[in-house]
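Trainee: Below is the structure, and that's it, no one-letter string:
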């Protein structure tokens, strides 16, 4: 890794900045990609956001997020699909490389039923996404989020889901924070060859208690970043690499301090 | 489940009480088993503790904990084995059904090497344990603890480890809090049939951020307790069921309020 040609700044890493501030900072610091979040698009509307990104010479590596499929009733599940269609529309306008699917937790104690609802939800979304040439990336989340964000927790499960669908439309997004602990990690990355649509980096800090907000800057934790990056690359992924860090100290760092650090750590550690 | 004949109170659930207070409370409330922690044995010494438990008419379901095998140097790893031998000695004196192995995290970023050190550590400990008729139970911990407590995070991995050894000496301990999220849960429980040496219950609360201290009372969270208990039972486990709850509110509850609640929830939810 001797250039930042694949580097993307995931907007959550600059959660306290506005969309325009993040886009300007990426342009100023030569970061070629940005990953956007839907709650931030509301600041300007998607059309203005798309223009702003294009005018700054950036590309959109992903839109976060679709998903959240499980719900207690058929009507509520249908409403989730509708919301996912709006996310697909936004991803199409932005020219995002992939729409991230955070699949959602069970609505009750039945995690198996929730997994079925996720499969059904993706099936319902695929034709709409395929027509608009928007790719859907299933992101397995760390098992610590199984009760609140995603019943899909491993690469193996994400692959089993993805292989039900056309690889042109449905793939997998690998985030080191979510998958680094997996004893089957390298075997599963190899098995998912050709299916990767995104790769996210951060680090796992020690000690860590707050699994949501304890993500660290690359190099500050225990994840074997270069080994995982190489494995994902060997599995055929050559697209953007997003830096996605939920961490209060990172969020409090001025962008003109943060972005040089992100680039430096990306070059040294990823 | 219509009796508390298999119920064990894991001492960590009453972390603020002394050993004698916990033992007395179990006897007073008809809880037949107790699981002890080594840091609590220091209060009385192991011989007095064993006598106290026996005099109260209780049995020791497990001793927590051995393990923590990975370390940076051969000398440090040998010191860990020595410490594990002392834990085996304690378990023998207490007549504990099993010595729990919390296997330990990597000493650096190399989790694969740590897994090898765990296998080597158990191999070094087995003859000593077998001679003393102390059983060793590998407890896979939730992946959220992979960086600080155990590089062994799934039932599948625990089984792969355990099957290297005589099933009379090395088995698996299943704790619902650590394994409930696993997409392979029921398949793996069935595959580990005959290998279970312990079963621990609590619940996964929503919302949860502090994965160490957010364990809940059975019934207060999202875990399918009865389904998992039935599966472990169908896999041949008929031994004690430990209630093991790390939670500040639980720790602040007077024992004569807590133990009736533990029994009630055990009967209703497990």
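Mentor: Perfect, I can see it now. Keep in mind that this is a model prediction, so the values were computed, not measured. Numbering: from 1, shown residues only, chains lettered A, B, ... in the order given.

Trainee: hey, let's count contacts and neighbours off CA atoms from now on
Mentor: OK.

Trainee: where does the stretch 101-250 of chain A come near chain B, residue by residue?
Mentor: When proximity is defined by Cα under 8 Å from any Cα of the partner chain, the stretch 101-250 of chain A lies next to chain B at A:108-111, A:142-144, A:146-148, A:151-153, A:157, A:181-183, A:204, A:206-207, A:209-212, A:222-224.

Trainee: I'd like the distance between the residue in the stretch 51-200 of chain A positioned nearest to chain B and residue A:148.
Mentor: The nearest approach of the stretch 51-200 of chain A to chain B comes at residue A:109, 4.8 Å away (Cα to the nearest Cα). Using Cα to Cα, to the nearest Å, residue A:109 is found at 12 Å from residue A:148.

Trainee: where does stretch A:123-139 sit relative to the chain's centre, distance-wise?
Mentor: Stretch A:123-139 has its C-alpha centroid displaced from the chain centroid by 15 Å (Cα atoms, centre = their mean, to the nearest Å).

Trainee: let me fix that: stretch A:253-260
Mentor: When distances are taken as Cα atoms, centre = their mean, stretch A:253-260 is centred 21 Å away from the chain's centroid.

Trainee: now stretch A:247-265
Mentor: The answer for stretch A:247-265 is 19 Å, by Cα atoms, centre = their mean.

Trainee: Okay, buried residues for that stretch please.
Mentor: For stretch A:247-265, the neighbour count (16 or more other Cα atoms under 10 Å in any protein chain shown) marks A:247, A:248, A:250, A:251, A:255, A:258, A:259, A:262, A:263, A:265 as buried.

Trainee: Just the element for the residue lying closest to residue A:38 once chain neighbours are set aside, please.
Mentor: Among residues not flanking residue A:38 along the chain, residue A:64 sits closest, at 6.2 Å (Cα to Cα, 6 or more residues apart in numbering or on different chains). Using DSSP states H and E, residue A:64 sits in strand A:59-67.

Trainee: helices or strands up against that strand?
Mentor: strand A:33-37, helix A:38-41, helix A:74-94, strand A:99-102 (3 or more Cα pairs under 8 Å, 6 or more residues apart in numbering or on different chains; DSSP states H and E).

Trainee: and the ones you listed as a markdown table, adding distance to residue B:102?
Mentor: Below are those laid out as a markdown table (distance: least, Cα to Cα, whole Å):
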| stretch | distance to residue B:102 |
| --- | --- |
| strand A:33-37 | 39 |
| helix A:38-41 | 41 |
| helix A:74-94 | 41 |
| strand A:99-102 | 31 |
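
Trainee: Just name the most buried of these.
Mentor: strand A:99-102 (a mean of 26; mean count of other Cα atoms under 10 Å in any protein chain shown).

Trainee: residues in contact with the helix or strand following that one?
Mentor: Where DSSP H and E defines the elements, the next helix or strand beyond strand A:99-102 is helix A:111-131. Identification of contacts with helix A:111-131 by Cα atoms under 8 Å, 6 or more residues apart in numbering or on different chains yields A:67-70, A:77, A:81, A:84-85, A:88, A:103-107, A:135-136, A:151-152, A:161, A:165, A:169-170, B:181.

Trainee: now the angle from helix A:111-131 to strand A:59-67?
Mentor: Inter-element angle recorded for helix A:111-131 and strand A:59-67: 140 degrees (by axes from the mean of the first three to the mean of the last three Cα atoms, to 10 degrees).

Trainee: Please state the offset of helix A:111-131 from the chain centre?
Mentor: 18 Å.

Trainee: mind listing what's buried in it?
Mentor: A:111, A:114-115, A:117-119, A:121-122, A:124-126, A:129-130.

Trainee: tell me which strands and helices whichever helix or strand comes after that helix is in contact with?
Mentor: With elements assigned by DSSP H and E, the helix or strand that comes after helix A:111-131 is strand A:136-138. Where contact means 3+ Cα pairs under 8 Å, 6+ apart, strand A:136-138 is packed against strand A:99-102, strand A:170-175, strand A:196-201.

Trainee: hmm, who's touching strand A:136-138?
Mentor: A:98-103, A:126, A:129, A:158, A:162, A:169-173, A:196-198.

Trainee: Tell me what residue A:59 is bridged to.
Mentor: Residue A:59 has these beta-bridge partners by DSSP bridges: residue A:33.

Trainee: now do the one 4 residues further on
Mentor: Here residue A:63 sits in beta bridges with residue A:36, residue A:99, going by DSSP bridges.

Trainee: Pretty sure it sits against residue A:100.
Mentor: Yes - between residue A:63 and residue A:100 there is a contact under Cα atoms under 8 Å: 6.1 Å.

Trainee: ok so, going back, next one: the residue nearest to residue A:38 relative to residue B:27, how far apart?
Mentor: Taking Cα to Cα, one finds residue A:64 at 55 Å from residue B:27.

Trainee: Find me the pLDDT at residue A:214, would you?
Mentor: Note for residue A:214: predicted pLDDT of 87.

Trainee: quick one, phi psi at it?
Mentor: phi -100, psi 10 (degrees, to the nearest 10).

Trainee: Number of residues surrounding residue A:72?
Mentor: Neighbour count for residue A:72, taken as other Cα atoms under 10 Å in any protein chain shown: 12.

Trainee: likewise residue A:42?
Mentor: 11.

Trainee: Distance check, it against residue A:51.
Mentor: Distance from residue A:42 to residue A:51, by Cα to Cα: 14 Å.

Trainee: for residue A:89, same thing?
Mentor: Taking Cα to Cα, one finds residue A:89 at 15 Å from residue A:51.

Trainee: next one: residue A:93
Mentor: 10 Å.

Trainee: Which pLDDT value belongs to the closest residue to residue A:150 other than its chain neighbours?
Mentor: Leaving aside its chain neighbours, residue A:150 sits nearest to residue A:104 (4.1 Å; criterion: Cα to Cα, 6+ apart). Predicted confidence (pLDDT) at residue A:104: the value is 98.

Trainee: I figured residue A:104 hits residue A:70, correct?
Mentor: Yes - counting by Cα under 8 Å, residue A:104 touches residue A:70, with 6.1 Å between them.

Trainee: Which of these two has more residues huddled nearby?
Mentor: More neighbours surround residue A:70 than the other of residue A:104 and residue A:70, with 29 against 25 (other Cα under 10 Å).

Trainee: Tell me who's in contact with that one.
Mentor: Per Cα under 8 Å, 6+ apart, neighbours of residue A:70: A:77, A:103, A:104, A:105, A:106, A:107, A:114, A:115, A:117, A:118.

Trainee: nearest to residue A:46, of the residues you listed?
Mentor: Relative to residue A:46, the closest of the contacts of residue A:70 is residue A:103; by Cα to Cα it sits at 22.8 Å.

Trainee: okay, now that closest one: neighbour count?
Mentor: Neighbours of residue A:103 using other Cα under 10 Å come to 30.

Trainee: List the residues that contact it.
Mentor: Per Cα under 8 Å, 6+ apart, neighbours of residue A:103: A:66, A:67, A:68, A:69, A:70, A:118, A:138, A:139, A:149, A:150, A:151, A:152.

Trainee: which non-adjacent residue is nearest the first one?
Mentor: In space, and not counting its chain neighbours, residue A:66 is closest to residue A:101: 4.7 Å by Cα to Cα, 6+ apart.

Trainee: quick one: the nearest residue to residue A:32 once chain neighbours are set aside from residue B:232, how far?
Mentor: In space, and not counting its chain neighbours, residue A:32 is closest to residue A:58: 5.3 Å by Cα to Cα, 6+ apart. The spacing between residue A:58 and residue B:232, counted by Cα to Cα, is 53 Å.

Trainee: Thank you, goodbye.
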